[in-house]
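Engineer: Give the three-dimensional model of this entry:
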Amino acid sequence: MFGLFRKGSKRTVVVATLNARLQPMDRGELEDAFDAFMAEKKHGMRVVGGGTLQAASGEIEKCDIEIEVDNPTDARLTLLTEVLESMLAPAGSILQIPDQRRSINFGRQHGLAVYVNGTELPASVYEECDINHVLAEFSRLLGVAGVVASNWQGPQDTALYIYGRDFETMLSHLKPFIESYPLLERCRIERIA
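Structural biologist: Numbering: from 1, shown residues only. Predicted coordinates:
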C-alpha cells in the first residue's frame with residue numbers, strides 16, 4: 001500500500017458533504033462502493049471517515065464522507081466528484097478542500113421524499129398493509145428512473161428517500177400507486193434535492 005505513495009507527492013483529506021438523507025448504514029454502503037472502485041482503478045483515493053447530520057427531530061439532513069486523496073490536483077478532484085455523481089450525489093452537494101481553502105459544488109440527482117403517515121389512518125390499514133410492499137413497488141415502478149436509497153422512521157411518519165435524474169419523472173412513475181395503496185393515503189411528498 002505504501003509503495004503506491006511516491007516521494008514528493010502530497011496527500012490531503014477532503015470532505016464530500018452529500019445533500020443526501022442516508023442512514024449511516026446506507027452511507028457505509030456508498031463508502032464501500034467508492035473504495036472498491038477507487039482501489040480497482042488505482043486512483044489513490046480512499047474513505048477515511050464519515051458522519052451524518054441530523055435535525056432536532058432526528059431526521060437526517062445530509063451526510064459527510066471524508067476522503068484521503070493522493071496528489072489532489074483539479075483533475076483528481078473532478079474525477080472524485082464525477083465518481084460520486086455516478087453513484088449518489090444529489091444537487092446541492094459540496095466538496096470541501098480544507099488544505100486549499102476552497103469548495104466545489106457538485107451533484108446531479110434530484111431527491112424525492114415520501115412521508116408515510118404512521119398515526120392518522122384507520123387501524124385496519126396498518127394491519128393489512130405493509131411498508132415492505134411499498135418499498136418493493138417503489139423499486140419496481142421506478143426502474144432506472146430512481147432508487148429508494150434510505151429511510152427514516154419518526155414518531156409520526158416513516159420517510160422513504162428516493163434519488164434519481166428527474167423529480168417529476170420519479171413522481172409520475174410512483175403517483176398511480178401512491179393514489180391507490182391505502183397505506184399511502186395521507187402521505188406527504190417533498191422535493192429534497
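Engineer: so residue 44 touches residue 72, yeah?
Structural biologist: No: applying Cβ atoms under 8 Å as the test, residue 44 and residue 72 come out as separate, 9.5 Å apart. C-beta here means a position set from N, CA and C on the backbone, and glycine is covered the same way.
Engineer: Neighbour count for these two, which is higher?
Structural biologist: residue 72 (22 against 18; other Cβ atoms under 10 Å).
Engineer: give me every residue that touches that one.
Structural biologist: Residue 72 sits next to 10-12, 14, 97, 99-100 when contact means Cβ atoms under 8 Å, 6 or more residues apart in numbering.
Engineer: ok, and the most crowded of the residues you listed?
Structural biologist: residue 14 (23 neighbours).
Engineer: about what we covered before: just the contacts of residue 72 now: which is nearest residue 148?
Structural biologist: Of all the contacts of residue 72, residue 14 has the smallest distance to residue 148: 28.2 Å, by Cβ to Cβ.
Engineer: hey, C-alpha coordinates of the strand or helix carrying that closest one in CSV?
Structural biologist: Under the criterion of DSSP states H and E, residue 14 resides in strand 11-18. C-alpha atoms of strand 11-18 as CSV (Å, rounded to 0.1, in the frame of the first residue of the first chain):
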residue,chain,number,x,y,z
ARG,A,11,-2.0,13.6,0.5
THR,A,12,-4.9,15.6,1.8
VAL,A,13,-8.3,14.8,3.3
VAL,A,14,-11.3,16.3,1.5
VAL,A,15,-14.9,16.2,2.8
ALA,A,16,-17.8,15.4,0.4
THR,A,17,-20.9,16.8,2.0
LEU,A,18,-23.7,15.0,0.2
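Engineer: Can you spell out which helices and strands pack onto it?
Structural biologist: Counting contacts by 3 or more Cβ pairs under 8 Å, 6 or more residues apart in numbering; DSSP states H and E, strand 11-18 is packed against strand 60-70, helix 74-87, strand 93-97.
Engineer: rerun at 10 Å
Structural biologist: For strand 11-18, the packing partners by 3 or more Cβ pairs under 10 Å, 6 or more residues apart in numbering; DSSP states H and E come out as helix 24-41, strand 45-54, strand 60-70, helix 74-87, strand 93-97, strand 102-106.
Engineer: That one: partners in the sheet, and parallel or antiparallel?
Structural biologist: strand 60-70 (antiparallel), strand 93-97 (antiparallel) (DSSP bridges).
Engineer: Can you add mean pLDDT and give those back as JSON lines?
Structural biologist: Output for these, formatted as JSON lines (pLDDT from 0 to 100):
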{"stretch": "strand 60-70", "mean pLDDT": "97"}
{"stretch": "strand 93-97", "mean pLDDT": "97"}
